[in-house]
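**Student:** here is a sequence together with a model predicted from it:
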There are 2 protein chains.
Amino acid sequence: MRFRRHVFVCENVRAEDDPRGSCGRKGSAEIRKALKEELKRRGLEKQIRANASGCLDACAFGPSIVVYPEGVWYGHVSVADVPEIVERHLVGGEPVERLRMRRLEDARAERDPEPAPGRNGGGGER
Amino acid sequence: MRFRRHVFVCENVRAEDDPRGSCGRKGSAEIRKALKEELKRRGLEKQIRANASGCLDACAFGPSIVVYPEGVWYGHVSVADVPEIVERHLVGGEPVERLRMRRLEDARAERDPEPAPGRNGGGGER
């Protein structure tokens, strides 16, 4: 795997009057900037990448973030949460439970309980 | 995990004269559109998401795509490759070897050979 962890921060911007809201109008660019700065400060920017993304389809929970490969979703994230996300999760490996989008993570398991196909699809590489 | 597979297609656009090139100027929006259409045609659009992303830091290999949770990277992808990526990898679980960015995938392993931290960081959820 190219990155130990790959963080996607939704920066989608919808019209101001869109009832769904959008992460890009809730400060997500600043969150990504803070993530990048914190990773760089720790010398981790080559191993852990903070990436912009388009709509992650979790608008109501924005600003929305997903961390791969583990597929942990965070909602209503603020710049103030960034040091904890980096320290505890991206470095330490423990998700920040208070920020997790549990309902959305659970929705998939409820809808479609069989195992995901091909977790071994990556040919065994890390 | 919310999605069985989450595909990120780099749609970053650089200046036309930027020597790095950029995925957004090599047809990546059309690739993502084709992915979405093919997933929808198969009724998989809720389980497998084709997402836009910002720069994936693989500009020379663009159009660039990464598939999570397995962290498989594809480069120089074209619209014509989409049916095979969907059929073989996203549905069947086997990466399309001829499209993989092997050099970049290997670069991380060479640079930083120890195991990635906290593959168990997701708390065991799928």
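**Tutor:** Now that the structure is in, tell me what you want to look at. Predicted model only: the values in this text are computed from it and were never measured.

**Student:** which residue comes closest to A:N12 once chain neighbours are left out?
**Tutor:** Of all residues not flanking A:N12 in the chain, A:C55 sits nearest, at 4.0 Å (Cβ to Cβ, 6 or more residues apart in numbering or on different chains). C-beta coordinates here come from the backbone N, C-alpha and C atoms, glycine included.

**Student:** and the pLDDT for A:Q47?
**Tutor:** For A:Q47, the pLDDT comes out at 96.

**Student:** next one: A:E105
**Tutor:** pLDDT, A:E105: 73.

**Student:** tell me who's in contact with it.
**Tutor:** Listed by Cβ atoms under 8 Å, 6 or more residues apart in numbering or on different chains, the contact partners of A:E105 are A:71-73, B:1-2, B:125.

**Student:** what's the PyMOL syntax to select whichever of those are buried?
**Tutor:** In PyMOL syntax, the buried subset of these is picked out as below (16 or more other Cβ atoms under 10 Å in any protein chain shown):
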select buried, (chain A and resi 71+72+73) or (chain B and resi 1+2)
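
**Student:** got a markdown table for the contacts of A:E105, with distance to A:P83 and pLDDT too?
**Tutor:** Formatted as a markdown table, the contacts of A:E105 follow (distance: Cβ to Cβ, whole Å; pLDDT from 0 to 100):
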| residue | distance to A:P83 | pLDDT |
| --- | --- | --- |
| A:G71 | 22 | 96 |
| A:V72 | 17 | 97 |
| A:W73 | 19 | 97 |
| B:M1 | 26 | 79 |
| B:R2 | 25 | 91 |
| B:E125 | 24 | 35 |
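
**Student:** which one of the contacts of A:E105 is nearest to B:N51?
**Tutor:** For those, the closest approach to B:N51 (Cβ to Cβ) belongs to B:R2, at 11.5 Å.

**Student:** re earlier: enumerate every residue touching the residue nearest to A:N12.
**Tutor:** Neighbours of A:C55 in contact, by Cβ under 8 Å, 6+ apart: A:10, A:12, A:22-23, B:51-52.

**Student:** tell me which helix or strand of chain A sits lowest on mean pLDDT?
**Tutor:** Across the helices and strands of chain A, mean pLDDT, DSSP states H and E gives its lowest value to helix A:102-111, namely a mean of 67.

**Student:** relative to B:Q47, how far out is A:A80?
**Tutor:** A:A80 is 34 Å from B:Q47, where distance means Cβ to Cβ, to the nearest Å.

**Student:** out of the contacts of A:C55, who's nearest A:C59?
**Tutor:** A:S22 (6.1 Å).

**Student:** quick check: the closest one touching A:A29?
**Tutor:** No. A:S22 lies out of contact with A:A29 (Cβ atoms under 8 Å); the separation is 11.7 Å.

**Student:** show me which of the two is the more surrounded one.
**Tutor:** Taking neighbours as other Cβ atoms under 10 Å in any protein chain shown, A:S22 and A:A29 compare with A:S22 leading, 20 against 16.

**Student:** leaving out the residues flanking it, which one is nearest to that one?
**Tutor:** A:R14 (3.8 Å).

**Student:** burial measure for that neighbour, as a count.
**Tutor:** There are 15 residues near A:R14, going by other Cβ under 10 Å.

**Student:** list the contacts for it?
**Tutor:** A:20-22, A:24-25, A:59.

**Student:** wouldn't A:G54 be in contact with B:S53 here?
**Tutor:** Yes. Contact criterion Cβ under 8 Å: A:G54 and B:S53 qualify, at 6.8 Å.
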